[in-house]
Every structure is written in structure tokens, then in C-alpha cells.
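*Asks:* Have a look at this fold, sequence not included:
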């Protein structure tokens, strides 16, 4: 700070410091992208899976202080500006596509870029690991929960089979001689996986000097966490089966799990300490510019980039649209199929749609159920692709598995994801969901989101919706898939249905 003349007013000297510059960028980003920051903080507070997010920033700050002694003099701010610009573009993409995860990832990226603007490119290099650690603030990972459930089920089945214990599976349901067990989302091991990875990230930064060792330990910890959760679930099922449901089915279920996880964390730490490197001398960010040179203009330029993305989003992406939904939805025509009232004991969850409709279609012995959701346009609180728009209702139906199947629908034969649902009285359904935007049909959610983002970024926001087709089965979901194929091959084109909708 010697380079800052002593005759400068105190407020000016304070504003010229890199820390004040960084603080100004952070405050501006959080204020301008307020909904993104609020959504992220809300998940930290409300979801037990993401409580750890509150502690990420303090831990990252400790990691920086613990292993580096940076000079406050910034140099080469360009990398920081480029990172902020990338974050702003990414935030616009996430905003247009209605993808909160991308928006939050972009916010953290902009904050990392702010560190580069405030402290210089040398700080970005020296602090690369702690700054990357900030991405743990993003509540991510729910998309992998079904995969973790499948892995856990397979581990349980393999280990029970190794003990010659009779076992059958139906999606995420496991049947043993003692009864049925469900590998629910809470049992998938997602929380443990994130916790183990986060702890391993901190430990590897402190204990290892090379990036190869750090990344290797992270991968090792993740693999151990996944396998350990499968072993934990297996032990719970085994204990419950051997004790005829007397143990491992109540509060002791959680206690056993926590003890198991605690032991595993001790094992991870012991393995890490076994291969830890000798402590390295503190790093110093080598810069030669004066501390206050250009700090305020740099801060204002960084804020201007963030503000430009905010203004564009407000004027183009989030602009108010006045569209009127049709009074009612027509049903699809399917020659050879009788149209009956919708099923009384199943309906899709479409709570955000502007209009909904449903029906039962019958042809001979074949019966399918149809649910339609119509959206005048995609917006906050009315998103077409959203967890609240799905084939099952949590009150009576739940998803117990997925599989892929090729189904001809609306002119194309594609591999589509089939949701396997369990309901009251041991009923089983297989359901397929497709999305439409304008005149285009989408199977994958990410393609639908990308199409929405492209449309909104150019000032358009066409109508869209989703079509859910379901059928019952007794033993094998392939039975339901065959019935759905018969129905979809007779279904009228999407364009013909949309024409009737527009006339209303």
C-alpha cells in the first residue's frame, strides 16, 4: 500500500484496494442477479442436501490464506474480464432456458472472474484450486440421483445373491423373503457423495501439491462413497431380512448409516495422510503494479459487463408477453381407438400448465392413458420443463425406475426414456413424456431447454407443452411399451392437433 500516496482521502484509498474492488464486484453481481443468488441461498437453507453451501465461501477463503501469501498489487486484469464476460453470457443462456443450475454456475464464474479483475491474473493462477472450490456453492447433482439409485440396487442384489439369498427387483424395489425394500432418492447416497467429495477436496488441497494427486484423491473418494453407500444399503437390507424386520427399519436405520459414514470418513483421511506430500512453502502472487492503479475503473468495467447482461435479459429474455390460453384443449385423434374419460386413479402432475386435458384410449384389449399440458409461453412459475411437470404424483404414485425404448411418435422413431411408476394396490405403469415447442417435438429435456433459450435470446417465446402417454403392465414394462407403440403409431400428427388448438 506504500504506492498509494498518503495525502489521498481515506475513502479513496480504501476504494482503491483490491479487496474493496472485489467486494464491489461481488455486491453488484449479487444485486443485479438477485433472483439467481436468492434461489441458490434458499436451497442452502431449505434443503438438507445442500446445507453445506453456506460454508463453501469461508472454507475457500481459509484455503487461500492457509497456503498463499498474495501481494495486494494486481496485474493483468484481462483474464478476469474474460471470465466475467463468459459468466455473463452463460447467465443469459441459463436465464433464457430457465435453467437455474446454469444461472448459478454462471454467477460463481462471474465472482471468480471478479477475483481476477481485483487481484490480477497471478492471483487466478495461485488461487485456482480454492476459486474452483467455490463451485460447491452451486446446488448441483440431483440429475444423477436416479443413476445412484440404480447402482445402489445393483450392489444390493449382487451382494445378496453372493449370500444365496432369494431376491427380485422391480425398478428401485427389492423383494427379499422378509418383505419389500425401496431404494428411495434419500437412500441413493447423493448427500454422502457430495459430502465425501467436498471433504476430499479440502483435504487434497492441504495434503497434496500436484494436481494429479488432488484429482486422483477426489476420484478415489467419489468412487469409495458410491460403493460404500451400496454396502451400507446392503447391510441394512441384510439385517432387516435376518431379523424379520425387527432391526434396521426404524431410527436405528439412520444410526447405522451415520456410524458407517463416520467410519468411512476416517478411512478416507487415513488413506490421504498415508500418501500426503511434505508441506510446500507459501506461494506469492508476483505482481509489480501499484495497488490502487486502475482499481475503481476496473471495478466499474466489470460491473458494466454484468449490468449489460441484466439489461438484455430484462428487455429481451424476460419481457412481458400477453398471450391467451385456449378455453379448453382438444384431445388427440387416434383412428381405431375409443376416447373415454381420464383414469380416476392416475393422472400426471401438471400443476404449472395453463391448460390441461386427459383421456383414456381403448382399442380391443389395449388401454392407454393420455395427459396433456399446454403453456402459452415459458416463464418463471410456468416452466414447461420442470420437476413439477411429470408423469407421477408424489401423493399416490412414485417413480421406481427408468428404461429406454424405441417408440414411433409424431413422425419419428427415437429412443425415449420410459418412467416406471408404482401406485396404489401394487399397480404398475410405464409412461413416456415428450415436449413440444412451436411445431418442434423434443425427447430430451436438455434439447427442449436449448431450443427455448435460442428462441428467448432472439426475442421469441412460442407456445409449448408436454404430452404424457402411459399404460399398465403386470410383470414386465415391455408389456406397456408394446401397447404404447400400438397407440402412438395411430396417433395424428402434432401439427394437426395444434391447428385445432389455435382455432380455439
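*Replies:* That came through fine. What you see is a predicted model, and the numbers here were worked out from it, not measured in a lab.

*Asks:* Is residue 183 in contact with residue 147, as I believe?
*Replies:* No: with contact defined as C-beta atoms under 8 Å, residue 183 does not count as touching residue 147 (11.9 Å). For glycine as for every other residue, the C-beta is placed from the backbone atoms N, C-alpha and C.

*Asks:* In the helix or strand residue 150 falls within, which residues are buried?
*Replies:* For residue 150, the host element (DSSP states H and E) is helix 145-162. Across helix 145-162, burial judged by 16 or more other C-beta atoms under 10 Å covers 145-146, 148-153, 155-157, 159-160.

*Asks:* Can you report phi and psi for residue 349?
*Replies:* Dihedral pair for residue 349: phi -90, psi 110, per degrees, to the nearest 10.

*Asks:* can you tell me how far it sits from residue 395?
*Replies:* 9 Å (C-beta to C-beta, to the nearest Å).

*Asks:* where's residue 263, which helix or strand?
*Replies:* Element membership for residue 263 (DSSP H and E) is helix 251-274.

*Asks:* any residues touching that helix, and which ones?
*Replies:* For helix 251-274, contacts defined as C-beta atoms under 8 Å, 6 or more residues apart in numbering pick out 192, 195-196, 199-200, 203-204, 207, 217, 220-221, 224-225, 228, 231-232, 235-236, 239, 248.

*Asks:* List of residues touching stretch 407-417?
*Replies:* Here stretch 407-417 has contacts from 402-406, 432-434, 441, 443, 481, 484-485, 488-489, 491, 493-494, using C-beta under 8 Å, 6+ apart.

*Asks:* Oh, that last question was meant for stretch 340-349, not what I typed.
*Replies:* Outside stretch 340-349, the residues that touch it by C-beta under 8 Å, 6+ apart are 358-362, 369-371, 373, 388-394, 396-397, 423-424, 427, 429, 431, 468, 470.

*Asks:* What is the subsequent helix or strand relative to the helix holding residue 150?
*Replies:* Downstream of helix 145-162, the next assigned helix or strand under DSSP H and E is strand 168-170.

*Asks:* Give me the distance from that next one to the chain's centre.
*Replies:* 28 Å (C-alpha atoms, centre = their mean, to the nearest Å).

*Asks:* cool, stretch 165-180 as well?
*Replies:* Offset of stretch 165-180 from its chain centre (C-alpha atoms, centre = their mean): 30 Å.

*Asks:* try stretch 228-237
*Replies:* For stretch 228-237, the distance to the chain centre is 25 Å (C-alpha atoms, centre = their mean).

*Asks:* what mean pLDDT would you report for that stretch?
*Replies:* On average, the pLDDT along stretch 228-237 is 86.

*Asks:* next one: stretch 428-444
*Replies:* Mean pLDDT, stretch 428-444: 93.

*Asks:* again with stretch 160-173
*Replies:* For stretch 160-173, the per-residue pLDDT averages 82.

*Asks:* swap in stretch 481-501?
*Replies:* On average, stretch 481-501 scores 92.

*Asks:* just the strands in this protein please.
*Replies:* For the chain, the strands defined by DSSP state E occupy 168-170, 173-176, 179-182, 338-340, 349-350, 355-363, 366-375, 389-390, 398-409, 412-422, 428-437, 440-442, 464-472.

*Asks:* These into TSV, with extra columns for mean neighbour count and distance to residue 275?
*Replies:* Converted to TSV, these look like this (neighbours: other C-beta atoms under 10 Å; distance: least, C-beta to C-beta, whole Å):
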stretch	mean neighbour count	distance to residue 275
strand 168-170	15	38
strand 173-176	18	37
strand 179-182	16	37
strand 338-340	12	66
strand 349-350	22	49
strand 355-363	18	57
strand 366-375	22	53
strand 389-390	22	45
strand 398-409	17	39
strand 412-422	18	41
strand 428-437	23	47
strand 440-442	18	47
strand 464-472	24	50
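
*Asks:* so can I have JSON lines of the ones you listed showing distance to residue 128?
*Replies:* Formatted as JSON lines, those follow (distance: least, C-beta to C-beta, whole Å):
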{"stretch": "strand 168-170", "distance to residue 128": "44"}
{"stretch": "strand 173-176", "distance to residue 128": "44"}
{"stretch": "strand 179-182", "distance to residue 128": "42"}
{"stretch": "strand 338-340", "distance to residue 128": "61"}
{"stretch": "strand 349-350", "distance to residue 128": "43"}
{"stretch": "strand 355-363", "distance to residue 128": "49"}
{"stretch": "strand 366-375", "distance to residue 128": "42"}
{"stretch": "strand 389-390", "distance to residue 128": "39"}
{"stretch": "strand 398-409", "distance to residue 128": "37"}
{"stretch": "strand 412-422", "distance to residue 128": "37"}
{"stretch": "strand 428-437", "distance to residue 128": "39"}
{"stretch": "strand 440-442", "distance to residue 128": "37"}
{"stretch": "strand 464-472", "distance to residue 128": "41"}
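
*Asks:* about what we covered before: same for the helix holding residue 150, what does it pack against?
*Replies:* strand 173-176, helix 190-207, helix 211-242, strand 398-409 (3 or more C-beta pairs under 8 Å, 6 or more residues apart in numbering; DSSP states H and E).

*Asks:* let's see it at 7 Å
*Replies:* With contacts defined as 3 or more C-beta pairs under 7 Å, 6 or more residues apart in numbering; DSSP states H and E, helix 145-162 has these neighbours: strand 173-176, helix 211-242.

*Asks:* Give the closest residue to residue 209 in space, chain neighbours not counted.
*Replies:* Nearest non-adjacent residue to residue 209, counting by C-beta to C-beta, 6 or more residues apart in numbering: residue 277, 4.6 Å away.
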